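A.B. asks: Structure for this input, please:
(one chain, ligands or ions: 1)
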Amino acid sequence: MSVSSLAGSVGLVIGVANKRSIAWAIARGAGARQARLVLTYQNDRLAENVRELAGQLTEPVVLPCDVTDDDQIDALFAAIDERFGRLDFLVHGAAYADQDSLKRPYVETTREGFLKALDISAYSLVALARRAAPLMEKAGGGSIVTLSYLGSQRVFPNYNVMGVAKAALECSVRYLASELGPSNIRVNAVSAGPIKTLAASGIAGFSSILQTYRDRAPLRRTVDTDEVADAALFLLGPEGRAVTGEVLLVDGGYHIMGL
Ligand code: NAD
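C.D. replies: From the prediction side, this is the model:
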């Protein structure tokens, strides 16, 4: 891949919490490919982290966005429109489920816990895509990439409501891809193998999931955030121009195994 394949394009990256975030690896890769980037932070607690990381990029724009807040989402896209007048790509890396939902049996998931996980982890893609689409149309098209996990299709201990949210997210990818395709806007997901990040630290027994991948994946190892980012960058850039509605597994091949 040419390292300048995103030159001149404008990208919005949601989901950077710290240097271990998958979204940060994607932002760094996009920055290296000369994209102009808007990074968001979820709340004041994370703002400093994101600003500090963004300092490694060229002329980054850093703005707040809690994806449960429609006013903040509207303000974010208004700011992008004012500053750039277009958007070429969107990276969606926000996900959340409360601790109870990830620790107690799935059958005990509360209505509140279910709605919160689905709101932040799945609906937010729809809310963001709706605002991104007009700005991408101004650019002649665009590419949206979200991040998923195999727990959308298979049962992993303690993944629980997050698996259900990822199933909704992947299905949303297909519906959005179908509707936005005529505007030359592509929508895809990268389904990453397990990586120790802030979000992963909420999953009890995560270390044993990592070990299972090392033991069973065809490549006999786990993956890192740069490897996930490379796949995302392929989908974001011109090399992925004919791919939409896809869930690309980047997991060392773990998902093909029966046992
Ligand atoms: P992370 O904790 O670095 O990223 C999760 C992000 O979600 C954080 O930046 C957090 O601020 C953001 N977020 C949570 N609630 C939000 C809200 N209300 N508004 C805005 N942002 C909010 O962890 P990560 O592992 O890099 O996760 C990124 C994505 O990758 C998630 O969708 C996650 O499910 C997915 N993923 C992770 C793994 C893994 O093993 N780490 C595997 C497959 C998929």
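A.B. asks: got a list of what residue 188 touches?
C.D. replies: Residue 188 makes contact with 143-146, 173, 177, 235, 240, 243-248, according to C-beta atoms under 8 Å, 6 or more residues apart in numbering. For every residue, glycine as well, the C-beta is placed using N, CA and C.
A.B. asks: again, 10 Å this time
C.D. replies: 143-146, 148, 173-174, 176-177, 231-232, 234-236, 240, 243-248 (C-beta atoms under 10 Å, 6 or more residues apart in numbering).
A.B. asks: Show me just the buried residues among those.
C.D. replies: Buried members of these, counted by 16 or more other C-beta atoms under 10 Å: 143-146, 148, 173-174, 176-177, 231-232, 234-236, 240, 244-248.
A.B. asks: Also near the ligand: which of these, exactly?
C.D. replies: The subset of the buried ones among the contacts of residue 188 within reach of the ligand, by C-beta under 6 Å from any ligand atom, is residue 148.
A.B. asks: Next, count neighbours for the residue nearest to residue 9 when sequence neighbours are not counted.
C.D. replies: Residue nearest to residue 9 in three dimensions, not counting chain neighbours: residue 88, with 3.7 Å by C-beta to C-beta, 6 or more residues apart in numbering. The local packing of residue 88 (other C-beta atoms under 10 Å) involves 25 other residues.
A.B. asks: Going forward, count from 689.
C.D. replies: All right, first residue 689 from here; so that's residue 776.
A.B. asks: Next one: residue 776, what pLDDT does it get?
C.D. replies: Note for residue 776: predicted pLDDT of 98.
A.B. asks: just the one 10 residues further on next, same as before
C.D. replies: The pLDDT attached to residue 786 in the predicted structure is 96.
A.B. asks: Got the phi and psi for it?
C.D. replies: Dihedral pair for residue 786: phi -70, psi 160, per degrees, to the nearest 10.
A.B. asks: Please apply the same query to residue 726.
C.D. replies: According to degrees, to the nearest 10, residue 726 has phi -110, psi 120.
A.B. asks: picking up where we left off before, okay, and which of the contacts of residue 876 map to strands?
C.D. replies: Among those, the ones falling in strands (DSSP state E) are 831, 832, 833, 834, 836, 935, 936.
A.B. asks: Isn't the last one up against residue 923?
C.D. replies: Yes: counting by C-beta atoms under 10 Å, residue 936 sits close enough to residue 923 to count as a contact (6.7 Å).
A.B. asks: near the ligand, which residues of the protein?
C.D. replies: Close to the ligand, as judged by C-beta under 6 Å from any ligand atom, the chain has residues 703-705, 709-711, 730, 734, 753-756, 781-784, 808, 835-837, 880, 882-883, 885-888.
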